[in-house]
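Student: Quick one: sequence plus predicted model below, questions after.
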Amino acid sequence: MNKIELIFSPYVLKMSKPFITSKGSLKERKGFILKLTGSSGKTGIGDAAPFPEFGSESFKEAEKALNNFNLKFKLDLDNLFDSLDYTLSPLNIYPSLRHGFEQALLNLICNEKNISLNDLLGRSSLKIINVNAVVGLMTPKKSAQAALNFLEEGYSVLKVKIGRDTFRNDYDSIEAIKEAVGNKLKIRLDVNGKWNLEQAEKHLRKLENFDIEYVEQPVNSIDDFVKLSKLTNMPIAADESIRSLDDANNFINSNAAGVLILKPMMLGGIIPTLKIIDQASDKDIKTVITSSFESSVGRALAIFAASLVHENIAHGLATSSYFENDLTEDPYPVKHGKIFL
């Protein structure tokens, strides 16, 4: 499989309305579809969707690397993980590109061997995946109405974006949601790293009475995670702080977070994601797979990764409805808060 040809095409997905977090307003997502063709004529498709605000290379950096493409493909199917790591190691500084090439290569191998990805990786998938809904930065009234709408749609878990400049506005939105839905929805909070340690301790103490499932990325450094875990009873999850296998190992070994939020697009593909899932499971640390607002092609791999997490936990994969259009019809629509494979 050393003779492989690459064709890539850029894409732009427009959001139906801006999605607002503490990092800013998301109005569109840009990426590349990679098509690899082997000597057999079979093809494999992958998605590379850079998201520098959340830890990847930029679109321009990815485009430059693609235009200067010179990757050498040396794959050993008897030692797939290691040979993929070796082949894709030049792309470690470009995680979204690494994801795209890895996805396309795995797709190509499966097409050439006429096997499923489960068979290739030796993994079994759950048939039903629970997913959470997401509420961005809205007014308390709009936040409460959005929560009620998601409850009517069948969701059981809701992630609420917080991290406004004024904490009181965060508190009022969470309070409005809880008054609207009570305990009918599990509530997760996502700060996106907006707080320092002092702010996180003070704010989380005020939120502990809301029965929060966990708070995601309240601080940024692993040292602050460790300190904060001793200052609050609220479960803590790491997201932006996990951008490599080494990052994950540091969090796992230091017991800095009880939940790891894994974005395959930001981690460089499913192979590093699987390694983290396995290592976290050995230490009884939960893993949640989330989309990076990539196209339907990339989201399919994130859904596959979530299907390999064999525990009853909701994942962050309900993103297709945020786009005006996508590259394909959604192959895995969310129904009643679940994805059925």
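Tutor: The structure has been received and is ready for your questions.

Student: Show me the helices in the stretch 1-150 of the chain, by range?
Tutor: For the stretch 1-150 of the chain, applying DSSP state H, counting those that start in this stretch gives helices covering 59-67, 80-88, 95-113, 117-121, 140-153.

Student: out of these, nearest to residue 308?
Tutor: Nearest to residue 308, of all the helices of the stretch 1-150 of the chain, is helix 117-121, at 8.2 Å by Cβ to Cβ. Yep, even glycine has a C-beta here, placed from its N, CA and C like the rest.

Student: just checking, what packs against that closest one?
Tutor: helix 95-113 (3 or more Cβ pairs under 8 Å, 6 or more residues apart in numbering; DSSP states H and E).

Student: Distance of residue 216 relative to residue 263?
Tutor: Separation of residue 216 from residue 263 (Cβ to Cβ, to the nearest Å) stands at 12 Å.

Student: intersection of neighbour lists for those two?
Tutor: residue 239 (Cβ atoms under 8 Å, 6 or more residues apart in numbering).

Student: returning to that earlier point: determine which stretch of the helices of the stretch 1-150 of the chain is the most buried.
Tutor: Comparing the helices of the stretch 1-150 of the chain by mean neighbour count (mean count of other Cβ atoms under 10 Å), helix 95-113 ranks first with a mean of 25.

Student: Select from the helices of the stretch 1-150 of the chain the stretch with the lowest mean pLDDT.
Tutor: The minimum mean pLDDT among those belongs to helix 80-88 (a mean of 92).

Student: ok, residue 36 - contacts?
Tutor: 4-6, 43-46, 101, 104-105, 107-108.

Student: mind redoing it with 10 Å?
Tutor: Residues near residue 36 by Cβ atoms under 10 Å, 6 or more residues apart in numbering: 1, 4-8, 42-46, 71, 73, 100-101, 103-105, 107-108.

Student: so what pLDDT did it get?
Tutor: 97.

Student: Give me the distance between it and residue 108.
Tutor: 5 Å.

Student: Are there residues contacting both of these two? Which ones?
Tutor: Common neighbours of residue 36 and residue 108 (Cβ under 10 Å, 6+ apart) are 1, 4, 42-46, 73.

Student: just these: which has the poorest pLDDT?
Tutor: residue 1 (57).

Student: List the residues that contact the closest residue to residue 66 other than its chain neighbours.
Tutor: Take residue 66 and drop its neighbours on the chain: the residue closest to it by Cβ to Cβ, 6 or more residues apart in numbering is residue 8, 5.2 Å away. By Cβ under 10 Å, 6+ apart, the residues touching residue 8 are 31-36, 46, 48, 62-63, 66-67, 69, 97, 100, 104.

Student: Tell me which residues touch residue 233, please.
Tutor: Going by Cβ under 10 Å, 6+ apart, residue 233 touches 204-205, 208.

Student: Got the phi and psi for residue 212?
Tutor: With angles defined as degrees, to the nearest 10, residue 212 sits at phi -90, psi 140.

Student: Check the one 4 residues further on too.
Tutor: Dihedral angles of residue 216 (phi, psi; degrees, to the nearest 10) stand at phi -100, psi 130.

Student: May I have the beta-bridge partners of it?
Tutor: Under DSSP bridges, the beta-bridge partners of residue 216 are residue 190, residue 237.
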